[in-house]
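>>> Return a 3D structure for these sequence lines:
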Amino acid sequence: MPTADELKTQGNAAFAAKDYNKAIEIFTQAISLDASNHVLYSNRSASYAGLRNYEKALEDANTTIAKNAQWAKGYARKGAALHGLHRYMDSVEAYESGLKVAPTDSSLQKGLADVKNAAQSDDEGPGRIAEMFRDPNLIGKLASNPKIAPMLADPSFVAKLKEIQSGGQPSPDIFQDTRMIQVMGVLMGVDLQAFERPEGSDELPENLKKAEPAPAPAAKPAEAPAPEAKMEEAETSTSDEKKEALKAKQQGNDAYKARKFDEAIQAYEKAWELDSTDISYLTNLSAVYFEKGDLDKCLEVCEKAVEEGRSLRADYKLVAKALGRIGSVHYKKKDLDAAVNYFNKSLTEHRSADILNKLRATEKEKKDAEIAAYINPELSEKSREEGNAAFKRGEFAESVKLYTEAIKRLPDNARAYTNRATAYNKLAALPEALKDANKAIEIDPSFVRAHIRKAMVLFGMRDYTQAAAALDKATHNDKEGTNGREIREWSAKIQSALYSQRSEESDEQTLERAMRDPEIASIMGDPVMQSILQQSQTDPAVLQHHMKSSPAIQEKVMKLVNAGIIKTHKKNVLIVGAGIFGLSTAYALLQDGYTVTIVEQSDQIPAAGSASTDISKIVRADYGNAVYSKMASESIADLEQNWTKEAFFHQSGMLVLGESEYAKESYEHVKAMYPTRVSMLDKHTIRDVLPKNVPLNPLEHTAYVNRASGWIESGRATAVLAERCEQMGAKLIPNFNVKDVLWKGDIVEGVENTNGDVLHADLTIIACGAWSTLLDEQLNKMLLASAQSVAMIKLTDDQYERYKDSPIIINLGTGFYMFPPTESKYFKISKHHAGYISKERNAPISLGNAREQLGKNEPAVSISKIPTDMYEELRGGLREVYPEIANDENLEWKTRVCWYSDAQNGDFIIDYHPKSNKSLLFATGGSGHAYKMYTILGKLVKDRIEGQLSKELSDMFTIDRDIEQAPVVDHSRLDSEVAVDDLQIWMKEKYQEFGYTSYVLVAHSMGGLLAADLYLKDTYEGGHLNIKAVLNLDSPMVGLHPNVFAHTTAKFGDYYDKFNKIKEIAGGATVLAPFVGALWGTTRLNESERIAKEEEEKKTKQQQQASTSYIKPAGAAIATVSALGAGVYFGRDKLLEAYRWTTGQTIDHLLFLSNLWNSRMLKERLESISTNDVLFKNYYTHLPHLNDRTFCLIPSNNKMFIKASNTLASDEVGAHIGMFNASSNSDYHELIKNLVQDIRSC
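Predicted coordinates for the structure are as follows:
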């Protein structure tokens, strides 16, 4: 393959042969090999110019300059391309910019002269006229002129202006309309009613025709600027002297053309001697001296011409010419003050466009020189800081003065302009503030605060559409998110203002307002946009297609949307939460033309603490429920078909271990869907799907493999979906912490955040996962925020290579599941279990602010410690499959708590608030399996909104469910009667709400005593609760067996040590509680500093109470083994501390326990509940290797007490706490099966 240099040589040869197409092709190939070579772009620019494709030539010329701003030829290419496009002034600017880099470059000098000649030649042509009319703000500029403004009342006249503005060539007779003359005067900055043909430049004599090529090579014609290409002809005279003078003048002209300046001088001097009444001979003479470079002699002749002209009362144009040339001489001598003075004198005699332009250019240069001399960056910064101080004192006028001084000292100080814009804004000088904001952006287009200030000023001017556009640019440039908070605050204000503005406007008013914006008017006049908009009227998908394919069209469409011109005729939707539920919903709605705003309380999207923001999530169709299985299979198909480019879905396959009804049903469903990708395995074939060359423990499991399942890089996939939504027009606002949902009667109008910012919407959707419980009381009853523990283990390079092809492994018996390592070598393991809940609130709580990015393309995720026992459980679960990773103490473990929103019965909640008149929708309750549905979730929500959800799914996802979680009773810890009363009141409320209801009370541990008391209280008082059964699990209905103390004191000490570690992890006041699924048997961890202080203050009194009333003897059988006796014998302090952990309470709670274990109550409960018409059972832990009566004293032959044997636990406390864990209770599945049968029998 040829090198870039070889291709360049070939391209040059093609160019020399004038085979420009081939040259372009070759240079393009060379650029693909060496994109940094500016010469290649320059050569291709020349080739395009050879084809007269000046647009492409200009693009390459600009690229050339961008890659090497010190290379003169780049400017020559740009100037030539602009010349070809008839953009003469821009071409002049390009050549002049090049001459600043290379002042002696002949190609630049020649190009500049050529384009000036071309510009002068084109001044009177139709192209030049059209050029003047192409200003996008043409109408606005003319409307500001008091002479022209009344003319714009004539629609036909405005139509003529727009015809020229749009690029059409004006008709020859268009200027028969005298109003056009005045318009041209305004555009040129001169009074055309008094305007005559310009005399030309100062460098050529009057009446000189365009220079023709000299006949001899040695006599090169002068290439003077076009304005002086002609000479002024004096009045002809019949006298011999005048005839001779004219003849001499002609000789001078001929000599001048041949650049024979000495001969020209002699001829013009002779002409003046012959006819001293025509000062044109002097002005021509001065032009020769000027061209020759003899400035002093030129000045002398010009002064004489002025003096003689005044005495002769010569044509004022000739006097003006002489004065103008004097100004040019002083300009050449760098005496700018004198040059300005004489240019003004010349204009006083006769207003010439050429002299006027020179005056303006000189004044600008003079001003620039003065500014440059005043520049001092140190003094500029000092003035700016003084301005800041004045601003903080509220002295805004003084701050403007100081910021102005800072700008004078450093004109390119974008910060000073931004500061002054803020001060002007405070003074309500909004136009000045806007100018400063624009100037700051002109100086530094990436300066975020300048864009924010511009948005702020436009907001004050009530131009909310432009304010939104300015804020979008601020967001685009805020790469690091440094100004994110301020951007989000202004975004909320602008969006709210836009909503309010449009809600009060008719379509006609919206269009009228929008069209006052030149940019919007330009977009609406764009033929391409007109075509797209017309197509979208019949097919809305066309708009989305063009927005995806062209960023430029997307930007224009969004400007029309912000202006209110494009209306979707769909609801304006506000989504609270940018997790998978919220983003999937937004994605589905945006595809159908909804306007969507998404707010997120976190300062980043995706939120680091969101369950969606993880390194991996399982995507599987393996469900016991056929409906979820079908939805998940649709999600897998969508990922396979529509998201392959993003490459975040990995079909690694999934190994499913364990035998259960759920596993059997899951297998049947996926086998029917993927017959060739799903197969059963035995203990031998299991190894075939596991990685080779890794140590494996024997897996004695029934298993199957589903090769259609896989895992998704959920953090990255969430970020991609957020970006896609934003590209489709969604407004994403992070750091917007919703405080209230705004109700107006039975309508929700929007939300308000903690800063008081309000966002309005036609439909508000709560989709913030476990945080949803904080925004609605009904959701608080339907959802449980539970925390799951996740560990991510960084493998070595060698381990990664050996484990990277692992399948997902999930054990349905133990709940453990693990993933193949990610590209960044993190191996993830977790465990499905009931999770942890917060005592503080039914919502997530902060466990620290640590964040880490665990992959170069992944968003940061929250990192937090997890309880020590769960850490050990995860290591143990990993050891069952991959002992090498589990036993490697050198591997780094990163852990985090992932908050789930567990819905009752596990079904999603996708439904309207029943009292919101369909203005508030819930889309939450992921229950650990929302991410498996990726974009399918949004389709479900959209179907609910549009009434298209099937009856089956509608019933499944309704908020109106028969199951509801009992409230957590916090304030009744020290009084069992209060606890019973609270529960009875709550159940009666449910009875009244739902009508006839049957209750089955299922309770664990101490909760069983409360369940019994609740039943007995309702029975004795003749209540109306229809309680069918009381099913207790390890509840001490009679008392504690002595073996509890004899075998578990040491274990209590272990638990106490673990608690201290957990307390360190939780950070003192942090409260977590393992949720075990019982109605009111939730064990809690509570070690707040406040309780610790109270315990210390009441220590003596509590010890006395505990010694007399902790656990009274339950009967003669255990009279000698009271709690006090056991405590004294084995170490009272340690035992009591251990009980604080196992009961989750302080010593005060022991008084509560004494009520429950009161000997009279124990007997009364057991006897009363046994004789009433209620199914009562108490499944108690039985450890075969210990005494048969381990946890409860069982009345002989009482069939109500049923053994729940456990061969896995080593002691009573471990068995009691782990009763609902399949990995620590061998009887777990049998126990659940029996409970289900008991409930069904009722």
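
>>> Return the set of buried residues in stretch 374-393.
Neighbour counts using 16 or more other CB atoms under 10 Å place 380-381, 383-384, 386-388, 390-391 of stretch 374-393 among the buried residues. For glycine as for every other residue, the C-beta is placed from the backbone atoms N, C-alpha and C.

>>> Off-centre distance for that stretch?
35 Å (CA atoms, centre = their mean, to the nearest Å).

>>> Of the buried residues of stretch 374-393, just say which sits nearest to residue 51.
Taking CB to CB as the measure, residue 51 lies nearest residue 380 of the buried residues of stretch 374-393, at 48.9 Å.

>>> Now name the helix or strand holding that closest one.
helix 377-392 (DSSP states H and E).

>>> can you list contacts of that helix?
396, 398-403, 405-410, 413, 415-416, 419-420, 422-423, 426 (CB atoms under 8 Å, 6 or more residues apart in numbering).

>>> ditto for stretch 322-340
Taking CB under 8 Å, 6+ apart as the rule, stretch 322-340 contacts 199, 202-203, 279, 282-283, 286-287, 290, 295, 298-299, 302-303, 305-306, 309, 341-343, 345-346, 349, 352, 354-355, 358-359, 362-363, 365-366, 369.

>>> Same check on stretch 926-934?
Under the contact criterion CB under 8 Å, 6+ apart, stretch 926-934 has outside partners 580-581, 584, 611-612, 617-620, 628, 631-632, 635, 638-639, 712, 714, 717, 721, 769, 788, 832, 900-903, 906-908, 937, 940.

>>> Quick check: strands, which of these are part of them?
Cross-referencing those against strands under DSSP state E gives 617-619, 712, 788, 900-903.

>>> between the residues you listed, which has the most around it?
In terms of neighbour count, residue 901 stands highest of those at 30 neighbours, by other CB atoms under 10 Å.

>>> Per the annotation, how does the protein divide into domains?
Here the domain assignment for the chain is 4-123, 128-194, 226-358, 517-565, 617-905, 1042-1241, based on automatic domain parsing.

>>> Residue 985: which of the ones you listed is closest?
Here domain 1042-1241 is closest among the domains of the chain (CB to CB), at 13.7 Å.

>>> Let's have the buried residues of stretch 374-393 in a markdown table, adding pLDDT and distance to residue 73.
As requested, these are arranged in a markdown table below (pLDDT from 0 to 100; distance: CB to CB, whole Å):
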| residue | pLDDT | distance to residue 73 |
| --- | --- | --- |
| 380 | 92 | 36 |
| 381 | 92 | 39 |
| 383 | 93 | 42 |
| 384 | 93 | 40 |
| 386 | 95 | 47 |
| 387 | 94 | 45 |
| 388 | 94 | 46 |
| 390 | 94 | 50 |
| 391 | 94 | 48 |
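
>>> Could I get the pLDDT score of the residue of the chain most remote from its centre?
Going by CA atoms, centre = their mean, the residue of the chain most distant from its centre is residue 240, 87.0 Å out. Listed pLDDT for residue 240 reads 79.

>>> cool, the one 3 residues further on as well?
What the model reports for residue 243 is a pLDDT of 87.

>>> how deep is it tucked in, by neighbour count?
A count of nearby residues for residue 243, using other CB under 10 Å, gives 14.

>>> Ok, residue 262 next?
The number of residues near residue 262, taken as other CB under 10 Å, comes to 10.

>>> ditto for the one 10 residues further on
The local packing of residue 272 (other CB under 10 Å) involves 24 other residues.

>>> Let me know whether it touches residue 281 as I believe.
Yes: with contact defined as CB atoms under 8 Å, residue 272 counts as touching residue 281 (4.3 Å).

>>> Between those two, which contacts overlap?
The contact lists of residue 272 and residue 281 share residue 245, where a contact means CB under 8 Å, 6+ apart.

>>> that older thread, out of the contacts of stretch 926-934, which are buried?
Among the contacts of stretch 926-934, those scoring as buried are 580-581, 584, 611-612, 617-620, 628, 631-632, 635, 638-639, 712, 714, 717, 721, 769, 788, 900-903, 907-908, 937, 940 (criterion: 16+ other CB under 10 Å).

>>> so which of the ones in strands among the contacts of stretch 926-934 comes closest to residue 439?
residue 712 (47.7 Å).

>>> The closest one against residue 616, yeah?
Yes: the pair residue 712 and residue 616 qualifies as a contact (CB under 8 Å) at a distance of 6.9 Å.

>>> which of the residues in the helix or strand hosting residue 7 are buried?
Using DSSP H and E, the element containing residue 7 is helix 4-16. Buried residues in helix 4-16, counted by 16+ other CB under 10 Å: 4, 7-8, 10-12, 14-15.

>>> Could you do stretch 946-955 as well?
949, 953.

>>> Mind listing residues that contact that stretch?
Residues from elsewhere that reach stretch 946-955 (CB under 8 Å, 6+ apart): 627, 910, 940, 942-944, 957.

>>> hmm, back to that, nearest to residue 837, of the buried residues of helix 4-16?
Nearest to residue 837 among the buried residues of helix 4-16 is residue 4, at 65.2 Å by CB to CB.

>>> Spatially nearest residue to that closest one, not counting backbone neighbours?
residue 34 (3.8 Å; CB to CB, 6 or more residues apart in numbering).

>>> correct me, but the one you found touches residue 6?
No: at 11.2 Å, residue 34 does not count as touching residue 6 under the criterion of CB under 8 Å.

>>> Output the lowest mean pLDDT helix or strand found in this protein.
helix 1123-1130 (a mean of 26; mean pLDDT, DSSP states H and E).

>>> Pull the number of nearby residues for residue 552.
9.

>>> That one and residue 52: what is the separation?
As judged by CB to CB, to the nearest Å, residue 552 and residue 52 stand 25 Å apart.

>>> got it, and residue 1180?
On the measure of CB to CB, residue 1180 and residue 52 end up 97 Å apart.

>>> So for these two, which sits in the more crowded spot?
Between residue 1180 and residue 52, counted using other CB under 10 Å, the more crowded position is residue 1180 (23 against 9).

>>> Direction included, what does the helix or strand hosting the more buried one pair up with?
Per DSSP H and E, residue 1180 falls inside strand 1175-1182. If you go by DSSP bridges, strand 1175-1182 pairs up with strand 1026-1033 (parallel), strand 1201-1205 (parallel).
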